[in-house]
Every structure is written in C-alpha cells, then in structure tokens.
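>>> based on what follows, work out the 3D shape:
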Amino acid sequence: MTVIGIDDTDSRKWGMCTTYLAARVADRLANDHAVDRRLLIRLNPAVEHKTRGNAALAIHTDAPVEAALSAVETDLDMAETGDPRTNPGVVVAPEAPTNIPDQVVAFAGEAVQEHHALADARDLLADLGYATRSGGNGRGLIGALAAVGAWQANDDWTYECISYREADRRGTPREVDPESVFAAAEQAYPAAWDTVDRGEAYRRGASENTIGEGRAASSEGELVCVPHTPGPILHGIRGDEPATVRAVADAIEAEPVERRSLFVTNQGTDAHLQDGTVGTVRDDHSYRVSGVVDDPPETREGGHVFLSIVDDDDGVAGEESPTLQCAAFEPTKRFRDRVRDLRAGDRLTVCGEVSEGTLKLEKFAVRDLVVTERVTPTCPDCGRSMKSAGREQGYRCRDCETSADGKAERAIDRDLERGWYEVPPCARRHIAKPLVRGGFDAPTHPER
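Modelled structure (predicted):
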C-alpha cells in the first residue's frame with residue numbers, strides 16, 4: 001500500500017483547488033490500481049499561511065511509489081505557483097495507512113490544533129526517507145505529511161461529495177438551479193448538512209436561477225454548498241453517509257459536471273478545538289472555554305457584538321479574575337442576536353479561534369441563566385415604587401408608611417434556553433461541528 005499526501009496547490013487570488021488535483025490523480029491511478037479512499041483533511045484554521053479552508057489531501061492506493069509519483073507529477077503543474085503564497089508539497093509513504101509510523105500520526109494530530117515549522121517536517125521526512133516533491137519554499141510539505149498520518153490521527157469521519165466544473169466554464173458564473181438544491185437539502189437533512197442556509201437571503205449579484213461568483217441565493221436563503229471562489233468546484237455536499245451526499249449531488253440541476261469525487265474528511269467534527277481556560281488561551285489556536293459573562297454584550301461599529309467572560313468557578317466576577325473577550329462578528333448574521341440575549345452572570349462554554357486576545361465565537365453553550373434581578377421594591381398597598389430610607393436602612397413608602405429591608409427579586413423573561421447555540425451554515429467554518437450531528441453534552445438548538 002501507498003499513501004500520497006498533497007497540499008498547497010491553490011491560490012486565494014487565482015483559485016484552483018487541491019481537492020481537484022487530488023481527484024485527478026486518484027482517477028488516473030484508478031485506471032490501473034486500487035484506490036481505497038480519498039481523504040480531505042482540514043488542518044488548524046488559525047494558521048497564517050493558508051488558503052480559505054486549510055485543506056490537505058491524501059490518497060490511499062496499492063500503486064507503487066514510482067507510479068504514485070508519476071501520477072502526481074502529471075498534474076502538479078496545475079498548482080498556482082505564480083502566487084508567492086502557493087508552495088506545493090507532495091509526500092509519498094510506502095506503507096498502508098494503518099502502518100504509518102507513530103511520529104507521523106502525532107504530527108498529523110498536532111497539525112489540526114497546533115503549528116508546525118517547515119524545518120520540523122523536513123527533518124521528519126529525511127529520517128523516514130519518504131519520497132517528496134515540492135515547489136516554492138515547500139511549505140506544502142507540512143500539510144502533505146499531516147495528510148499521510150491523518151487516517152490514524154482522527155476518529156470522527158464525515159463525507160463530502162465534490163462536483164467539478166468543465167474547464168471552459170471556470171471563471172464564469174456557476175449555473176445551478178437553487179430550487180433543486182433546496183429540495184434535495186430538505187429531503188436529506190439531517191444526514192446531509194450545511195448544504196443551504198434557510199435564513200435571510202444574501203443576494204450578491206446572483207440572478208434568480210443562476211449562481212454567480214457571489215455565494216448562491218434563492219428566495220429562501222443561501223446555497224452554502226456552492227462556492228464563490230473562482231476555482232473548479234461546482235458544489236460540495238457534506239454529510240454523515242456516502243450514499244446520502246451522492247444522492248444530494250445527483251439531485252441538483254446544474255451545468256455539466258467534469259468529474260465527481262467522494263472524500264472522507266474530518267469536516268464537521270470540531271477536531272480543531274482544544275480545552276482551555278480564560279487565563280491560558282493562546283492566539284492562533286481554537287478552544288472550548290467555560291466561564292461567566294462579566295461584561296454584557298455590546299454591539300459596536302460594523303454590527304460586531306462583543307462580551308467578556310471571567311474564569312470563575314464560584315460565578316462571582318472578582319476584580320482580579322482574568323477575562324477573555326469574545327466576539328460574534330457581522331458575518332455570523334442572526335447568531336449575533338443569540339449573543340445579544342446574554343446577560344452578566346450567565347454561565348457559558350464558548351468555542352472558537354483566539355486572535356489578538358479575542359475569541360471568535362463559533363458556538364456557545366448556556367450552562368446556567370440569570371433568571372432574576374434585584375429591583376427597588378414596590379409598595380404592597382399602593383403599587384408605587386418605594387424610596388430609599390437612607391444608607392443601609394432599606395426602603396419605605398412615605399404615603400402608606402410601608403417598608404422593606406432591601407431590594408426585591410423580580411423574574412426575568414429570557415429568550416435563551418440552556419444548551420448549545422451555533423453560527424448559521426453560511427458562517428460555519430469547514431471543520432466546525434454542526435449541532436445537528438449530535439454528541440453534545442447539553443440540548444442543542446441547530447441552525448438550518
């Protein structure tokens with residue numbers, strides 16, 4: 001068996017897609033060899049040197065190393081190396097996916113949550129003697145090596161069926177019938193998820209029945225499965241079972257498809273999240289952090305919503321307690337309303353990437369809600385608010401001569417319930433786990 005790892009052939013500016021190159025290589029190998037699976041691995045989404053999704057690809061095949069290298073080299077010139085940020089890497093390991101050395105498996109697991117230096121990847125590759133190819137500074141070798149070890153490093157897998165456009169159509173508006181996408185998504189949900197966003201429509205230059213280079217929209221919402229980048233992908237369908245994602249792809253009415261490829265992937269798994277605390281989180285990593293709302297939500301310029309949490313097991317925000325700023329940025333749309341509903345004293349678990357000391361909210365769990373507030377007492381006789389009787393002397397009604405020792409408690413109507421809330425599909429990053437997939441430790445309130 002042989003494992004081929006490929007990374008960093010695409011460009012933010014000019015498109016292409018490493019999944020497309022991997023699909024071509026796998027299809028070519030399949031003419032003469034067995035191809036057991038194609039992996040699409042999302043690595044640490046907080047890495048500086050990445051394209052939008054930070055994906056690396058692996059192909060598991062019985063082709064010998066030389067045949068594998070030849071198949072990759074045939075298409076490697078498709079890499080957008082004119083972009084200085086594109087630095088392809090290819091690694092070919094002469095082993096079965098289940099026999100990959102432990103140090104490569106560890107490297108793969110760390111690549112999803114941590115950061116690797118290129119020098120470390122090169123040193124490990126030299127020790128192992130794996131065949132490699134690279135371009136530019138070779139940074140893609142990091143992701144390619146991680147993809148080689150990914151099969152043993154991950155234990156939660158989903159699927160994506162990706163359809164690719166014919167070559168002469170790339171760079172033109174995508175032709176996809178929105179109604180067919182919404183119908184297929186409705187029939188397959190929840191086994192297929194993040195196909196559409198049924199919330200408010202975001203029309204970015206799309207016509208009624210044609211998908212432009214803005215993300216697709218219909219009268220109901222947004223076609224999340226149709227990208228807005230100038231690459232070869234027509235649409236990608238994600239879900240929990242191969243048959244489901246294939247069926248949705250087949251049901252979509254659209255322009256001709258050049259090829260279609262099924263990938264096993266760690267998308268939708270939250271593999272990027274690690275447990276942290278308010279006082280220990282680091283920039284460029286993603287965390288689950290529990291705490292208590294300290295500074296209540298504030299909407300700032302641009303529609304971004306900010307709040308702060310304090311790491312306090314007693315639920316009392318001490319002055320010396322460390323705080324962590326959390327943000328729901330404008331692209332998270334209606335999720336911001338959930339954040340605005342929070343109050344000081346609510347207990348939460350928040351999830352997201354930390355950048356410049358701020359956690360970018362992807363989802364949060366309400367653990368405990370503040371359901372009462374302290375208010376000036378009301379006179380039981382006349383129903384008017386009492387007045388302070390003086391420092392530490394309680395309250396009294398001067399007309400009725402009634403009194404109260406202190407403030408009263410009043411119930412608060414809360415729009416939130418205990419459980420998990422998430423950003424809508426249009427704002428979800430590839431690796432983040434949709435609530436509809438289940439396995440969470442509290443009730444869920446999924447977005448569709």
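>>> how about the helices of the stretch 101-250 of the chain, start to end?
102-113, 118-128, 140-153, 178-188, 242-251 (DSSP state H, counting those that start in this stretch).
>>> deepest-packed of those, please.
helix 140-153 (a mean of 28; mean count of other Cβ atoms under 10 Å). In this view, the C-beta of every residue, glycine as well, is placed from N, C-alpha and C.
>>> show me what that one is packed against.
Helices and strands touching helix 140-153, by 3 or more Cβ pairs under 8 Å, 6 or more residues apart in numbering; DSSP states H and E, are strand 2-7, strand 35-42, strand 55-61, strand 89-93, helix 102-113, helix 118-128, strand 131-134.
>>> right, and the ones you listed - which one's nearest residue 405?
Smallest distance to residue 405 across these (Cβ to Cβ): 53.1 Å, for helix 102-113.
>>> measure how that closest one sits relative to strand 35-42, angle-wise.
Per axes from the mean of the first three to the mean of the last three Cα atoms, to 10 degrees, the angle that helix 102-113 makes with strand 35-42 is 40 degrees.
>>> and the contacts of helix 102-113?
Defining contact as Cβ atoms under 8 Å, 6 or more residues apart in numbering, one finds that helix 102-113 is touched by 41-44, 56, 93, 116, 120-121, 124, 128, 142-143, 145-150, 152-154, 266, 271-274, 285-286, 431.
>>> switch the cut-off to 6 Å
The contact list for helix 102-113, computed with Cβ atoms under 6 Å, 6 or more residues apart in numbering, reads 43, 44, 146, 148, 149, 150, 152, 153, 271, 272, 274.
>>> cool, and stretch 284-291?
Contacts of stretch 284-291 (Cβ under 6 Å, 6+ apart): 46, 272-276, 278, 281, 309-311, 349-351, 353-354.
>>> let me know the average pLDDT across that stretch.
Mean pLDDT, stretch 284-291: 97.
>>> same question for stretch 242-257.
98.
>>> what do you get for stretch 308-317?
71.
>>> go on, stretch 137-151?
On average, stretch 137-151 scores 96.
>>> and it, how far out from the chain's middle?
20 Å (Cα atoms, centre = their mean, to the nearest Å).
>>> residues contacting it, please?
Under Cβ under 6 Å, 6+ apart, the answer for stretch 137-151 is 3, 5-8, 39, 41, 43, 49, 56-58, 87-91, 93, 97, 100, 104-105, 107-108, 111, 116, 118, 121, 134.
>>> the residues you listed, buried ones only, as a ChimeraX selection?
Buried subset of the contacts of stretch 137-151, written as a ChimeraX selection, criterion 16 or more other Cβ atoms under 10 Å:
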select :3,5,6,7,8,39,41,43,56,57,58,87,88,89,90,91,93,97,100,104,105,107,108,111,116,118,121,134
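>>> now, which of the contacts of helix 102-113 sits nearest residue 192?
Nearest member of the contacts of helix 102-113 to residue 192, counting by Cβ to Cβ, is residue 271, at 19.8 Å.
>>> in which helix or strand does the closest one reside?
Counting by DSSP states H and E, there is no helix or strand that carries residue 271.
>>> so where's the stretch 51-200 of the chain uncertain?
Along the stretch 51-200 of the chain, the parts satisfying pLDDT under 70 run over 51-52, 79-84, 200.
>>> can we see that at 90?
51-54, 75-87, 135-136, 171, 199-200 (pLDDT under 90).
>>> one step back: and the furthest pair within the contacts of stretch 284-291?
Between all members of these, the farthest pair (by Cβ to Cβ) comes out as 272 and 310, at 24.5 Å.
>>> between these two, which is the more surrounded one?
Counted by other Cβ atoms under 10 Å, residue 272 and residue 310 do not tie: residue 272 has more neighbours, with 26 against 21.
>>> tell me who's in contact with that one.
45, 112, 113, 286, 431.
>>> next, format those residues as CSV and append distance to residue 22.
Converted to CSV, the contacts of residue 272 look like this (distance: Cβ to Cβ, whole Å):
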residue, distance to residue 22
45, 20
112, 18
113, 23
286, 25
431, 18
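>>> quick check, nearest of the residues you listed to residue 320?
The closest of these, once distances to residue 320 are taken by Cβ to Cβ, is residue 286, at 26.9 Å.
>>> just want the angle from the longest strand anywhere in the chain to helix 102-113.
Counting residues, the longest strand in the chain under DSSP state E turns out to be strand 285-299. Interaxial angle, strand 285-299 versus helix 102-113 (the same axes, to 10 degrees): 10 degrees.
>>> per-residue pLDDT of residue 201, please?
pLDDT, read off for residue 201, is 45.
>>> any regions of the stretch 301-448 of the chain where pLDDT drops low?
311-321, 372-384, 386, 388-394, 398-401, 403-413, 415.
>>> residue ranges of the strands in it, please?
305-310, 323-328, 347-355, 358-368, 372-375, 387-388, 395-397, 402-404, 408-411, 419-422, 444-445 (DSSP state E, counting those that start in this stretch).
>>> what's the closest of those strands to residue 164?
strand 358-368 (28.5 Å).
>>> mind listing the strands that closest one pairs with, and their directions?
strand 323-328 (parallel), strand 347-355 (antiparallel), strand 419-422 (antiparallel) (DSSP bridges).
>>> would you turn these into TSV with mean neighbour count and distance to residue 388?
Listed next are the strands paired with strand 358-368 as TSV, based on neighbours: other Cβ atoms under 10 Å; distance: least, Cβ to Cβ, whole Å:
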stretch	mean neighbour count	distance to residue 388
strand 323-328	22	32
strand 347-355	21	32
strand 419-422	21	39
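>>> tabulate those strands in TSV, adding columns for distance to residue 165.
Shown next, in TSV, are the strands paired with strand 358-368 (distance: least, Cβ to Cβ, whole Å):
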stretch	distance to residue 165
strand 323-328	34
strand 347-355	31
strand 419-422	30
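>>> ok, which of the ones you listed comes nearest residue 19?
Of the strands paired with strand 358-368, the one closest to residue 19 (Cβ to Cβ) turns out to be strand 347-355, at 22.7 Å.
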